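# requesting a structural model of the entry that follows:
(4 chains)
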Number of protein chains: 2
Amino acid sequence: MLGPDEHPSNEDWDRLFHALADATRRDIVLQVMQQGQSISSLAGRYAMSFAAVQKHVAVLERAGLVRKERRGREQHVHGEPVVLHKAARLLESYELLQRHRTAAIEELLEEEP
Amino acid sequence: MLGPDEHPSNEDWDRLFHALADATRRDIVLQVMQQGQSISSLAGRYAMSFAAVQKHVAVLERAGLVRKERRGREQHVHGEPVVLHKAARLLESYELLQRHRTAAIEELLEEEP
DNA sequence: CTAACGTACAACCCTATGGTTGTAGATCAG
DNA sequence: CTGATCTACAACCATAGGGTTGTACGTTAG
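Residues are numbered from 1 along each chain as shown, chains lettered A, B, ... in the order given. The predicted structure follows:
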């Protein structure tokens, strides 16, 4: 899911990072971010069954990283950059916690001769 | 793992995102980024066994998000911001793929009256 | 109309994962 | 020294994950 919600829930983040924790799925994201494709054309890229790729796309869709759109008999898959942006900002905020802390420590050390 | 390597492998990213795909582990990261703690003090925070928390810390350590350091009889766990930074930049690069593409499309549309 | 295509989904298999309990080794407090 | 504390790790269990094959259905091409 992860709709137009301002504050993703824990489950949203779970789905997001779990979706990214697979090389095939990351590659699918890469592909459809560059250019939307049908599921079968995606399936042609990987050494696994159509159904397997279909499942990967479903995982990405539930994570909000990708959206499917019917076009006649095929399903067009395109990337959804917003969620990626939110994730990147979350990781940055984690990172900054540490940096702020070390900065604060350095300040303290400078105060003491 | 994910040592001082310049280019994390697919398996590195797998471990990283899988480590982040769990609310308890994300909270541990949050905690130890703010302040390094012993495993048992971490274990006190969550409604699960010591061994479970120990496993979570191990997952985070293998992902390079956290480092353990012996201090007497206890193990001090502290955060490792570098990997978070790399992950954030990866996600941003994915995101930018899409944005660049739409920007390119808009350019094309402007050229055609 | 019919055949081929693109998709959806169920059933199944094996392995990985997250949790538990239990045991054992170091280390510190008194 | 002794007991309490912190950690490590093995064994086990239930469930979720990633893969497969097979079947069914709507859509398009000829």
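
# list phi and psi for A:Glu80.
Phi and psi for A:Glu80, reported as degrees, to the nearest 10, are phi -130, psi 90.

# all strands for chain A, in order.
Along chain A, the stretches classed as strands by DSSP state E are A:37-38, A:66-71, A:74-79.

# okay, now the sheet partners of the first one, with direction.
The reference is to strand A:37-38. Strand pairing for strand A:37-38, using DSSP bridges, gives strand A:74-79 (antiparallel).

# what's the angle from the strand it pairs with to strand A:66-71?
Angle, strand A:74-79 to strand A:66-71, by axes from the mean of the first three to the mean of the last three C-alpha atoms, to 10 degrees: 150 degrees.

# and strand A:74-79, how far from the chain's centre?
Averaging C-alpha positions (C-alpha atoms, centre = their mean, to the nearest Å) puts strand A:74-79 16 Å from its chain's average.

# find the closest residue to DNA strand D in chain A.
Closest approach between chain A and DNA strand D, counting by C-beta to the nearest atom of the strand: A:Gly72, at 2.5 Å. For the C-beta atoms, the positions are set from N, CA and C on the backbone; glycine is no exception.

# next, count neighbours for A:Gly44.
Using other C-beta atoms under 10 Å in any protein chain shown, A:Gly44 is surrounded by 11 other residues.

# and for the one 3 residues further on?
Counted by other C-beta under 10 Å, the residues lying close to A:Ala47 total 6.

# now do A:Pro8
19.

# got the phi/psi numbers for it?
Per degrees, to the nearest 10, the backbone of A:Pro8 is at phi -60, psi 140.

# surely it and A:His85 touch.
No - between A:Pro8 and A:His85 there is no contact under C-beta atoms under 8 Å: 11.7 Å.

# what pLDDT does the model give the closest residue in space to A:Arg45 that isn't next to it in sequence?
In space, and not counting its chain neighbours, A:Arg45 is closest to A:Gln31: 7.0 Å by C-beta to C-beta, 6 or more residues apart in numbering or on different chains. The score at A:Gln31 is 96. That number is its pLDDT.

# quick one: A:Ala103 from chain B, how far?
As judged by C-beta to the nearest C-beta, to the nearest Å, A:Ala103 and chain B stand 12 Å apart.

# count the neighbours of the residue nearest to A:Arg45 for me.
Neighbours of A:Gln31 using other C-beta under 10 Å come to 17.

# now do the one 3 residues further on
A count of neighbours around A:Gln34, defined by other C-beta under 10 Å, yields 14.

# residue contacts, it?
B:97-98, B:101 (C-beta atoms under 8 Å, 6 or more residues apart in numbering or on different chains).
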